[in-house]
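Peer 1: Just need the structure, nothing else, for what follows:
(2 chains)
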2 protein chains.
Amino acid sequence: MHVFRDIEELRDWRRSAALAGRTVALVPTMGYLHEGHLSLCRIAATHADCVVASIFVNPTQFGPGEDLDSYPRDEGSDLVKLAENGVHCAFLPTADMMYPTGYETFVEVQGLTAPLCGASRPGHFRGVTTVVCKLFHLVEPQVAVFGLKDYQQFLVIRKMAGDLLMDIRVVGGPIVRAPDGLALSSRNAYLSHRGRKAATVLYRGLAAAREAYRGGERDPGALRAVALEPILAEPLARVDYVEVLDAETLAEPSAERPMVVAMAVFVEKPRLIDNMVLGAALAE
Amino acid sequence: MHVFRDIEELRDWRRSAALAGRTVALVPTMGYLHEGHLSLCRIAATHADCVVASIFVNPTQFGPGEDLDSYPRDEGSDLVKLAENGVHCAFLPTADMMYPTGYETFVEVQGLTAPLCGASRPGHFRGVTTVVCKLFHLVEPQVAVFGLKDYQQFLVIRKMAGDLLMDIRVVGGPIVRAPDGLALSSRNAYLSHRGRKAATVLYRGLAAAREAYRGGERDPGALRAVALEPILAEPLARVDYVEVLDAETLAEPSAERPMVVAMAVFVEKPRLIDNMVLGAALAE
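Peer 2: Okay, the predicted model is just below:
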């Protein structure tokens, strides 16, 4: 596996790959890799000749008071995991490389970024789309794979790529869960033993909403109430949002179309997110 | 010369060029081509194996009440001119192709877009950077050539490409002028015989400022006054702005660094722009 820390090294490699007619799939990550990330790398390998995984904790997607400085990092372990999961190139740029001095250019998706995490974290998605656009320019992938745990992010990136006429297919990778249902997340590392147990309320809420949906419930308000119930019963959990929206547009849902139940919940220190799509092939 | 009206045709051609190792230079235009555009095509040919010229009157860079609907068009004549000036592919997309239904993604450069045309035409540069970003994604050029008559646009595009880590060199082509000094512009077609004569005041103002600069004048206010004088004396001319700014940053100028004298002047109906860089190799 190549380990590139420099933009020009990456570009040289990419140019050779292009001349050789090799296709590339990209998996952008912020590191501290878990099985969720690694599953994306394996999915990426099914779509292209070469897989590039980036590790970059992107400062512009963190708001003031968020966990940029404490975000967990373990580069050595990450590189071993990537090498063992079919990645051909790891790309580890610095913030100075990704954000040249005096940068003042931003990529913004409107509409889709208004609700959910866009409402809770102003500027977050502008940071995400801007850095992903840069990674796309550097890596020039044919395919990019994003985890569906960050469901809104997946929709936003796919929209950006389509709107900006990028010749890149944006693929979503299924959420990977612990045996008790907790979605894997680097931020789970912040949880105490007690908090880790409490954090299962997100999945329990989603699973309850799914049961209600399977039972015929289509009223978004009722589905939301079902999802909220176990979370409100957990003293360590504090709801940021629990919403039921159209799974494609994130607008008001309708009974005839797939819906997504999306939630962000503080459990002790970390803010955890999770979601479930109801009524579509994506639904778990 | 290929004439592509469809994105997929262009992409197929581009993929073959990439596999063959051929480099591409792009000249984005809004058509109604004159010698200024054609000089850019010839410059482009010195930088790459193939030249792509696009013709697209981009709706998002026109404001309400501006001349989108009346913007001059002459596609047949344009295609002949491109073919005669070394262009390999002409790309003529429709607005529906460049702006997919429900698009909501924009690319924005801050800072550099604040003064001059950015102040006079709110949203103009956002439209420009968004469409040029899309053209860059479609054509994937190694080099892109923009006319220096649109001096601020050149700086903004170059900044966008750098900030977004595009592997594209943005080259400026010198202003092409009529024998009496008027900068060539598709919008000159709007001028009456009388207005055409009056329009020379822009160049006369710039030339006067250049003379003053050569004579040792470095005070931006004094240079501005010199440039304004012939314009204010012309009854058919109405000043939108005349500014003297730092030629690289468009911030407040300083005597030790190159300056740009930039102006936008209404002459009869059209709003004409022109500029001159003082104290740098770019200066005419």
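
Peer 1: wait, what's in contact with whichever residue of the stretch 1-150 of chain A sits closest to chain B?
Peer 2: Residue of the stretch 1-150 of chain A nearest chain B, by C-beta to the nearest C-beta: A:Thr105 (3.6 Å). Backbone N, C-alpha and C define where each C-beta goes, glycine included. Listed by C-beta atoms under 8 Å, 6 or more residues apart in numbering or on different chains, the contact set of A:Thr105 reads A:Thr130, B:Val107, B:Glu108, B:Val109, B:Gln110, B:Thr129, B:Lys159, B:Met160, B:Asp163, B:Leu164.

Peer 1: Against A:Ala212, how distant is the residue nearest to A:Asp246 when sequence neighbours are not counted?
Peer 2: Nearest residue to A:Asp246 in three dimensions, chain neighbours excluded: A:Pro253, at 4.8 Å (C-beta to C-beta, 6 or more residues apart in numbering or on different chains). Taking C-beta to C-beta, to the nearest Å as the measure, A:Pro253 falls 14 Å from A:Ala212.

Peer 1: Let me know the average pLDDT across stretch A:11-24.
Peer 2: Averaged across stretch A:11-24, pLDDT comes to 95.

Peer 1: how about that stretch: buried residues?
Peer 2: A:Arg11, A:Trp13, A:Arg14, A:Ala17, A:Ala18, A:Val24 (16 or more other C-beta atoms under 10 Å in any protein chain shown).

Peer 1: Check the secondary structure at the fifth one for me.
Peer 2: Secondary structure of A:Ala18, reduced to three states by DSSP: H, G, I helix; E, B strand; the rest coil: helix.

Peer 1: and if you look at the first one?
Peer 2: Reducing the assignment at A:Arg11 to three states with three-state DSSP gives helix.

Peer 1: if I pick it, what's in contact with it?
Peer 2: So A:Arg11 contacts A:Leu138, B:Asp167 (C-beta under 8 Å, 6+ apart).

Peer 1: before we move on, back to that, A:Pro253 and A:Ala212: who's more crowded?
Peer 2: A:Pro253 (24 against 18; other C-beta atoms under 10 Å in any protein chain shown).

Peer 1: quick one, what contacts A:Gln142?
Peer 2: Taking C-beta under 8 Å, 6+ apart as the contact definition, A:Gln142 lies against A:Thr23, A:Val24, A:Ala25, A:His47, A:Ala48, A:Asp167, A:Ile168, A:Arg169.

Peer 1: so which of the residues you listed also contact chain B?
Peer 2: Filtering the contacts of A:Gln142 for neighbours of chain B using C-beta under 8 Å from any C-beta of the partner chain leaves A:Asp167.

Peer 1: List just the nearest of the contacts of A:Gln142 to B:Leu206.
Peer 2: A:Asp167 (42.1 Å; C-beta to C-beta).

Peer 1: Need the pLDDT of that closest one.
Peer 2: 97.

Peer 1: Give me the secondary structure label for it.
Peer 2: coil.

Peer 1: Which residue, other than its chain neighbours, is closest to it?
Peer 2: Per C-beta to C-beta, 6+ apart, closest to A:Asp167 is B:Arg11, 6.1 Å.

Peer 1: what does the stretch 151-284 of chain A put close to chain B?
Peer 2: Contact residues, the stretch 151-284 of chain A versus chain B (C-beta under 8 Å from any C-beta): A:Lys159, A:Met160, A:Gly162, A:Asp163, A:Leu164, A:Leu165, A:Met166, A:Asp167.

Peer 1: Tell me the one among the residues you listed nearest to B:Asn58.
Peer 2: Distance to B:Asn58 across these (C-beta to C-beta) is lowest for A:Leu165, with 13.2 Å.

Peer 1: Quick one: residues contacting the closest one.
Peer 2: Counting by C-beta under 8 Å, 6+ apart, A:Leu165 touches B:Ile7, B:Met98, B:Lys134, B:His137, B:Leu138.

Peer 1: any idea which of the residues of the stretch 151-284 of chain A next to chain B is closest to chain B?
Peer 2: Lowest distance from chain B to those (C-beta to the nearest C-beta) belongs to A:Asp163, with 3.6 Å.

Peer 1: Against A:Leu164, how distant is the residue nearest to the closest one when sequence neighbours are not counted?
Peer 2: Distance criterion C-beta to C-beta, 6+ apart; nearest residue to A:Asp163, sequence neighbours excluded, is B:Thr105 at 3.6 Å. Computed as C-beta to C-beta, the B:Thr105 to A:Leu164 distance reads 6 Å.

Peer 1: joint contacts of the two?
Peer 2: A:Val107, B:Thr130.

Peer 1: Pull the distance from whichever strand or helix holds A:Val107 to the chain's centre.
Peer 2: Under the criterion of DSSP states H and E, A:Val107 resides in strand A:105-109. How far strand A:105-109 lies from its chain's middle: 18 Å, per C-alpha atoms, centre = their mean, to the nearest Å.

Peer 1: Name the next helix or strand downstream of that strand, please.
Peer 2: helix A:117-120.

Peer 1: near chain B, anything from that following helix?
Peer 2: No: Helix A:117-120 lies out of reach of chain B by C-beta under 8 Å from any C-beta, never closer than 12.2 Å.

Peer 1: elements contacting that helix?
Peer 2: With contacts taken as 3 or more C-beta pairs under 8 Å, 6 or more residues apart in numbering or on different chains; DSSP states H and E, helix A:117-120 sits against helix A:124-139, helix A:151-163, strand A:237-246.

Peer 1: Export the ones you listed to TSV and append columns for mean pLDDT.
Peer 2: TSV is the format used below for those (pLDDT from 0 to 100):
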stretch	mean pLDDT
helix A:124-139	98
helix A:151-163	98
strand A:237-246	98
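
Peer 1: Just want the angle from the helix or strand harbouring A:Leu206 to strand A:237-246.
Peer 2: According to DSSP H and E, A:Leu206 maps onto helix A:200-214. Comparing the axes of helix A:200-214 and strand A:237-246 via axes from the mean of the first three to the mean of the last three C-alpha atoms, to 10 degrees yields an angle of 30 degrees.

Peer 1: Show me what helix A:200-214 is packed up against.
Peer 2: Secondary elements touching helix A:200-214 (3+ C-beta pairs under 8 Å, 6+ apart): helix A:220-232, strand A:237-246, strand A:259-267, strand A:271-278.

Peer 1: What is the nearest of the buried residues of stretch A:11-24 to A:Arg257?
Peer 2: A:Val24 (34.1 Å).

Peer 1: That closest one and A:His47 touch, don't they?
Peer 2: No: at 9.5 Å, A:Val24 does not count as touching A:His47 under the criterion of C-beta atoms under 8 Å.

Peer 1: Touching both of those two, which residues are there?
Peer 2: Residues within reach of A:Val24 and of A:His47 at once, by C-beta under 8 Å, 6+ apart, are A:Gln142, A:Val143.

Peer 1: Tell me the predicted confidence for the residue nearest to A:Asp163.
Peer 2: pLDDT at B:Thr105 comes out at 98.

Peer 1: Then the one 10 residues further on?
Peer 2: B:Pro115 is assigned a predicted lDDT (pLDDT) of 98.

Peer 1: give me every residue that touches it.
Peer 2: B:Gln152, B:Glu243, B:Leu245, B:Leu250.
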